[in-house]
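> With the input below, show me the fold.
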Amino acid sequence: MSLKRLWGNPFLRFLFLACLLYLAWYILYHGYINEHTLLDRKVIDNLILLSGSVLETLGYTLIPEPPAAEQIRTVGIDGTYGLWIGDPCNGVSLFALFSIFILCYPGPWRTKLWFIPFGLVTLHLINVLRIVALCIIVTYDYAYLDFNHNYTFTILVNGYMFLLWIWWASSYGPSIKKKVHA
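Take a look at the predicted model:
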């Protein structure tokens, strides 16, 4: 099979471009972004702020802020240990993967330019709801935290990202026209 023919296959082209962009993202993230920017910290701070606000709106009292709170990555309900939010749980890698999927899939750029920010904001808000739910779960039984963190919410958040991509691809990607032979 020739290279031109391989590149002409939309699925293989998508797969190749997505892998190439993810590799570039991975190198950029681990080689520069993670060490030299405050991206992860800013996303975590925002998750803590929004999750705490939702919990307070629901009537919960938060864990008191300790001294040097700017170094803390925890949010939780008073009377619990709370949740520590690490870089892998802040959603930044998920944001990159979602953006790469949309960028690599064929479709009009004008829709990609609004759909990617829309997807990133809603993914972030889903992550806020995940953290709120985990904080509430911890108040009832800490033993349920690991299972829900590792399985339930991983499936829900990744499933939501996949549904967003399917929604975009089916709404704005190229339509597949079936040929009818008489």
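
> Do a quick rundown of the strands in the chain.
Assigned by DSSP state E, the chain shows strands spanning 74-75, 83-84.

> Please identify the most buried of these.
strand 74-75 (a mean of 20; mean count of other Cβ atoms under 10 Å). Just so you know, the C-beta spots here come from the backbone N, C-alpha and C atoms, and that holds for glycine as well.

> which helices and strands sit right next to that strand?
Packing contacts for strand 74-75, counted by 3 or more Cβ pairs under 8 Å, 6 or more residues apart in numbering; DSSP states H and E, involve helix 39-57, strand 83-84.

> Now the terminal residues of stretch 26-34, how far apart.
Start-to-end span of stretch 26-34 (Cα to Cα, to the nearest Å) is 10 Å.

> who's in contact with it?
39, 40, 87, 92, 93, 96 (Cβ atoms under 8 Å, 6 or more residues apart in numbering).

> And the last one, how close does it get to residue 54?
What that stands for is residue 96. With distances taken as Cβ to Cβ, to the nearest Å, residue 96 is found 25 Å from residue 54.

> Might you list the low-confidence residue ranges for this protein?
1, 66-70, 176-182 (pLDDT under 70).

> Turn the strands of the chain into TSV, including distance to residue 142.
Listed next are these as TSV, based on distance: least, Cβ to Cβ, whole Å:
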stretch	distance to residue 142
strand 74-75	14
strand 83-84	11
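
> can you tell me which of the ones you listed comes nearest to residue 64?
strand 74-75 (11.1 Å; Cβ to Cβ).

> circling back: can you say which of the contacts of stretch 26-34 are buried?
40, 92, 93, 96 (16 or more other Cβ atoms under 10 Å).

> rewinding a little: now the helices and strands packed on strand 74-75 as a markdown table including distance to residue 136?
Converted to a markdown table, the helices and strands packed on strand 74-75 look like this (distance: least, Cβ to Cβ, whole Å):
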| stretch | distance to residue 136 |
| --- | --- |
| helix 39-57 | 8 |
| strand 83-84 | 11 |
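
> out of those, which comes closest to residue 121?
helix 39-57 (11.2 Å).

> mind exporting that closest one as PDB, just the C-alpha atoms?
Output in PDB follows, covering the C-alpha atoms of helix 39-57 (Å, rounded to 0.1, in the frame of the first residue of the first chain):
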ATOM      1  CA  LEU A  39      -0.700  25.800  34.400                       C
ATOM      2  CA  ASP A  40      -1.300  22.800  36.600                       C
ATOM      3  CA  ARG A  41      -1.400  24.900  39.800                       C
ATOM      4  CA  LYS A  42      -3.800  27.400  38.300                       C
ATOM      5  CA  VAL A  43      -6.200  24.700  37.100                       C
ATOM      6  CA  ILE A  44      -6.000  23.000  40.600                       C
ATOM      7  CA  ASP A  45      -6.600  26.400  42.400                       C
ATOM      8  CA  ASN A  46      -9.700  26.900  40.200                       C
ATOM      9  CA  LEU A  47     -11.000  23.400  40.900                       C
ATOM     10  CA  ILE A  48     -10.600  24.000  44.600                       C
ATOM     11  CA  LEU A  49     -12.300  27.400  44.400                       C
ATOM     12  CA  LEU A  50     -15.300  26.100  42.300                       C
ATOM     13  CA  SER A  51     -15.700  22.800  44.200                       C
ATOM     14  CA  GLY A  52     -15.600  24.700  47.500                       C
ATOM     15  CA  SER A  53     -18.200  27.200  46.300                       C
ATOM     16  CA  VAL A  54     -20.500  24.400  45.100                       C
ATOM     17  CA  LEU A  55     -20.100  22.500  48.400                       C
ATOM     18  CA  GLU A  56     -20.800  25.700  50.400                       C
ATOM     19  CA  THR A  57     -23.800  26.300  48.200                       C
END
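
> Thank you kindly, that will do.
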